[in-house]
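> sequence and predicted structure are below.
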Amino acid sequence: MDLTIIIPTLNEANYLGFTIEHLRQNSSSENEIIVADSGSTDGTCEIAIKLGVKLIRPNSNSIGKSYILNEAAQLALGDVILFLDADTLVPPEFDKSISSSLRDPDIVGGAFEFSLDGEEFGLRVVELINRIRYRVRQRYYGDQGVFVRTEVFKRVGGYPDVGLLESAYLCKNLRKLGKLKLIKSHISTSARRFIDGGIYRVLAGDIKIWFLDLIGIPVHKYANSYWKENKLRSKN
């Protein structure tokens, strides 16, 4: 298996360097890494260049996470793609786990078990609720490290341009072509969004979005307000 890891960034200078070094330390082989940047102004791109990974930026006026991820995927050399958030740390030999999962030809992609860094009890509540959610619906989020066979990703048209829950809708489309695998190894993502905004307040906002999606209300209508609120919370 040849693996390409795509990391979307927007002002992630505080996290990106450590995430890339952690990737390399926990890989069982050398993997292609692409940083897909959406206009950082804090030195994120300079860190990517210094660490010798491939860096791309949007070549048009189009914006949005889906766009930049799909553009990066077009350049991927691997036959499998792992989409990894810039503040998320992989488990040891994560690439071996992905390769092992994909030995089953019916498996088209999957993700890792969700966990948050930090010791607060409320974070354990967030983890528990999320684990129940994605076991019931099999829709994984970007902070779980979603992986997919490259040719299947292209067949479903890549990430849908929905503005919110992009990875969840990608998983929904992938399941039309095959099975998804939940790797039980824990991936660890930063709890900063919950800490900055208040754990239970942010969780309540997430549950509202999940519920709207569950009952069939298009959540893209709420994308602008959702991301605006989260950006305001995360300012420090």
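Sure, I can see it.
> make it CA atoms for all contacts and neighbour counts henceforth
Will do.
> so where's this structure shaky on pLDDT?
Where the chain drops to pLDDT under 70, the residues are 59-63, 220-236.
> hey, where'd the helices end up in this protein?
With DSSP state H applied, the chain shows helices at 16-25, 44-50, 65-74, 94-101, 121-137, 150-155, 166-174, 192-197, 199-214, 223-234, listed in chain order.
> which one of those helices lies closest to residue 86?
Go through those one by one with Cα to Cα and the one that ends up closest to residue 86 is helix 16-25, at 5.4 Å.
> and that closest one, what does it pack against?
The helices and strands touching helix 16-25, judged by 3 or more Cα pairs under 8 Å, 6 or more residues apart in numbering; DSSP states H and E, are helix 44-50, strand 88-89.
> report the distance from the first one to the chain centre.
Right, helix 44-50. Mean-position distance between helix 44-50 and its chain equals 20 Å (Cα atoms, centre = their mean, to the nearest Å).
> and it, what does it pack onto?
helix 16-25, strand 54-56.
> same question, the shortest one
Taking 3+ Cα pairs under 8 Å, 6+ apart as the contact definition, the neighbouring helices and strands of strand 88-89 are helix 16-25, strand 179-189.
> show residues contacting the shortest one.
The one in question is helix 16-25. 30, 44, 47, 48, 51, 86, 87, 88, 89, 90 (Cα atoms under 8 Å, 6 or more residues apart in numbering).
> determine which two of these are furthest apart.
Counting by Cα to Cα, the most remote pair of the contacts of helix 16-25 is 30 and 44, 22.1 Å apart.
> those two: which is more packed in?
residue 44 (21 against 12; other Cα atoms under 10 Å).
> ok now do that one, which residues does it touch?
If you count contacts by Cα under 8 Å, 6+ apart, then residue 44 has 9, 10, 11, 12, 13, 16 around it.
> export the helices and strands packed on strand 88-89 to a markdown table and tack on mean neighbour count?
Shown next, in a markdown table, are those (neighbours: other Cα atoms under 10 Å):
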| stretch | mean neighbour count |
| --- | --- |
| helix 16-25 | 18 |
| strand 179-189 | 19 |
